[in-house]
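Colleague: Sequence and predicted model, in that order:
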Amino acid sequence: MKRMLVGLAAILLLAPVFATAGAPKPNVIIENPGQCIAPTAEMRVNHMKMLNHTRDRTLRQGIRGEKASLNGCIDCHASKTTGSVLGKDGFCESCHTYAAVKVDCWQCHQPKAGYKHAEAAGVKP
Amino acid sequence: MSQPQDKSRRNFVGTAAVAGAGLGTLALAPGLHLIQVSEANTPSQGASGKVRWGMLIDTTKCASGCDACVKACNTENGINETLKDARQGSQWIRKIDLKNPKTGQEHSLPMLCQHCAHPPCVDVCPTGASMKRADGIVLVDRHTCIGCRYCMLACPYKARSLVHLPLTNQNPEVPRGQGCVESCTFCVQRVDKGLKPACVESCPEGAMLFGDLNDPASEIAQRIANEKTTQVRGDLKLNLGVRYQGI
């Protein structure tokens, strides 16, 4: 019994060491540093809340041009090599993989910047 | 939905923002210019309940075999997926050819979401995803749509489609994806910028007219007041935003 308790204590004490050593930190590449809509610490904690509120106002009330927008995220944070916020080193995916938080935005939203939208192409107005 | 706006205050803030933009090159901090701050903090007022967007389609001008409106819609809204079964493809606007078997009279017309004032799709939606904006545009909130397709059954105009397969090539301004129902949005992303829907812009015959039904001075309201127009299945008393002439 005593030996078990000692073993348990050792595991508990060492647990943080294993945790920090086990998971490699994500490689977050910030293409345009210092120009975000809020300080980094606030963005890390609250970006999902900002986007959640804005999406409802934009879709349901038609209010556009608010501070936080998903397209705004992509314009700055899309990787300069892949053009996307997804992929192994992509701004969104790298962190969300590390935090094991599933992100569904990109099932509907365009994750690439600089999308060339043909203005009703081929059909003259 | 529409909030009362204090016009004078809004105008004052707007003027201040413009004045700020004039000093655009003034840097507040490294990389942060005043122009960015002023632009970032002036969101649009949003959809107004005083406006009711509507469309008038003159079927006497609409040419059989022409599908310019359908093509323009598909391009604008990024509808470009190909499915094994074409019947499953998304269809926000379609061309219909009608023939009266007794008289032989023929019509060709585009059919799209009629943007009802009392939309059955909104009535039946179990999650509140199907919704009507203050300015009368009926939309699907894909964030809450569960893809049950009840609205597709409820719609008398077959205006809605379900996206069956994962999509990758969306227009950034028109997010759409698998498992959600969708339909014509009157190109809400264009309307909010003051533009007309893509189909209206593209019609080579000028058969489609877009405007505010509530504004007595608008061309569409004038024509509806002075000319004979028809609501498809008017017996349902849904008060449609899309009106037809010549049928």
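Modeller: Alright, I've got the coordinates.

Colleague: residues in contact with the most centrally placed residue in chain B?
Modeller: Closest residue to the average C-alpha location of chain B: B:Phe186 at 1.4 Å, with C-alpha atoms, centre = their mean. Residues near B:Phe186 by C-beta atoms under 8 Å, 6 or more residues apart in numbering or on different chains: B:Trp53, B:Met55, B:Cys113, B:His115, B:Ile137, B:Pro197, B:Phe210, B:Gly241. Where C-beta positions appear, they are placed from N, C-alpha and C, glycine not excepted.

Colleague: State the pLDDT value of the nearest residue in space to A:Thr58 that is not next to it in sequence.
Modeller: Residue nearest to A:Thr58 in three dimensions, not counting chain neighbours: A:Arg64, with 6.0 Å by C-beta to C-beta, 6 or more residues apart in numbering or on different chains. pLDDT recorded at A:Arg64 is 92.

Colleague: And B:Arg10, by the same measure?
Modeller: B:Arg10 is given a pLDDT of 51.

Colleague: A helix includes A:Thr3, no?
Modeller: Careful, residue A:3 is Arg; it's not Thr. Yes. Counting by DSSP: H, G, I helix; E, B strand; the rest coil, A:Arg3 is part of a helix.

Colleague: Mind splitting chain B into its structural domains?
Modeller: Chain B breaks down by automatic domain parsing into domains covering B:7-40, B:53-245.

Colleague: Could you single out the most deeply buried of those domains?
Modeller: Comparing those by mean neighbour count (mean count of other C-beta atoms under 10 Å in any protein chain shown), domain B:53-245 ranks first with a mean of 18.

Colleague: Isn't B:Thr229 up against B:Arg243?
Modeller: Yes. With contact defined as C-beta atoms under 8 Å, B:Thr229 reaches B:Arg243; the gap is 4.2 Å.

Colleague: Show me which helix or strand of chain A is least confident by mean pLDDT.
Modeller: helix A:2-22 (a mean of 60; mean pLDDT, DSSP states H and E).

Colleague: average pLDDT for the next helix or strand after it?
Modeller: For helix A:2-22, the following helix or strand on the C-terminal side (DSSP states H and E) is helix A:40-56. Averaged across helix A:40-56, the pLDDT comes to 93.

Colleague: Let's see the pLDDT reported for residue 119.
Modeller: Picking chain A for this. Model confidence at A:Glu119, given as pLDDT, is 45.

Colleague: sorry, should have said chain B
Modeller: 97.

Colleague: ok, the residue nearest to it when sequence neighbours are not counted - contacts?
Modeller: Nearest non-adjacent residue to B:Pro119, counting by C-beta to C-beta, 6+ apart: B:Val138, 5.0 Å away. Shown in contact with B:Val138 (C-beta under 8 Å, 6+ apart): B:Cys113, B:His115, B:Cys116, B:Pro119, B:Cys121, B:Val122, B:Ser130, B:Met131, B:Lys132, B:Ser183.
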